[in-house]
Structure formats: structure tokens, C-alpha cells
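Chemist: Could you look at this predicted model? Sequence included:
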Amino acid sequence: VDSFFPLHDSKAALAVWRSKNWGIISPPIQEIREYFGDREAFYFAWISHYCKTMLLPAVLGFLVWAWATFSELKIDDNPIAPLFGFFMALWASLYLKLWTRQSATLSWEWGSFHVERQEKGRPEVR
């Protein structure tokens with residue numbers, strides 16, 4: 001069984017999860033990469049990047065909601081709602097560009113820039 005499914009080193013895994021610099025905003029990407037591999041490290045890097053970049057839209061969205069709630073405006077009457085929607089469209093485009101840059105930087109540093117993931121086809125699945 002061990003030759004097909006390598007078991008985790010529980011001490012090393014606990015060291016990664018219990019590291020002092022762990023957080024959703026800044027997880028230990030290098031330690032995760034060393035233990036779990038590039039694929040999982042990219043996932044945690046993406047989550048971290050997403051959470052960091054969502055801080056501004058979250059704060060602005062809360063302010064738009066609070067202003068509309070306290071001034072008793074409906075969503076159709078709120079003059080700031082279209083501006084916030086336009087901001088979110090710009091933010092989404094900027095986020096995509098920033099993540100593309102970040103992922104290219106990480107894959108260049110990790111030596112996986114020109115590596116493409118190839119999955120083996122399974123003939124039993126049609």
C-alpha cells in the first residue's frame with residue numbers, strides 16, 4: 001500500500017500547519033510548496049492574493065451598503081450603486097492582470113514556468 005499511496009510525514013505536516021507565520025492573508029507558501037508540492041502551493045497563493053485584493057472592494061461595498069441603509073435608499077434609487085458596479089468591473093480586470101503577474105512570478109521562481117499539466121486519459125471513462 002505504501003508504494004502506491006505514500007504516507008505523510010506527520011511531524012513535517014504539523015510543522016507546516018503550526019508555523020507562526022500562518023494566516024489567510026499570508027500563508028507560508030514556500031513551506032507548503034516544499035511539503036505538498038507546486039499545485040497546492042499555487043492554490044494557497046491564489047487564496048492569499050484573492051483575500052488581499054478583496055479588502056478594498058469589501059470596505060467600499062460595506063460603505064455603499066451602510067450609506068444606502070442609513071439614508072433609507074432602495075437599490076434602484078442609490079446613485080452610488082452604478083459607480084460601485086463600474087469600480088467592481090475595473091477591479092475584476094485589474095485583479096486578473098495582477099494574478100497573472102503573480103502566478104508567472106511564482107512559476108518562474110519555482111522552475112515550473114514552461115511546464116504544462118498533462119492528465120493521462122482513462123479509457124474506461126467515456
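Modeler: Great, that's in hand.

Chemist: tell me the contacts of R33?
Modeler: By CB atoms under 8 Å, 6 or more residues apart in numbering, the contact set of R33 is E40, A41, W110. Bear in mind the C-beta positions are built from the backbone N, C-alpha and C, glycine included.

Chemist: from the residues you listed, which would you call buried?
Modeler: Neighbour counting by 16 or more other CB atoms under 10 Å classes A41 among these as buried.

Chemist: how about JSON lines for the contacts of R33, with secondary structure and distance to Y95 added?
Modeler: Below are the contacts of R33 laid out as JSON lines (DSSP: H, G, I helix; E, B strand; the rest coil; distance: CB to CB, whole Å):
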{"residue": "E40", "secondary structure": "helix", "distance to Y95": "22"}
{"residue": "A41", "secondary structure": "helix", "distance to Y95": "20"}
{"residue": "W110", "secondary structure": "coil", "distance to Y95": "22"}
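
Chemist: and which of the contacts of R33 is nearest to A104?
Modeler: W110 (11.0 Å; CB to CB).

Chemist: Report the separation between the closest one and S103.
Modeler: 10 Å (CB to CB, to the nearest Å).

Chemist: same question, I29
Modeler: Counting by CB to CB, the gap from I29 to S103 is 12 Å.

Chemist: which residues are in contact with both of these two?
Modeler: A45.

Chemist: pLDDT weak spots in this structure?
Modeler: 1-10, 12-25, 113-126 (pLDDT under 70).
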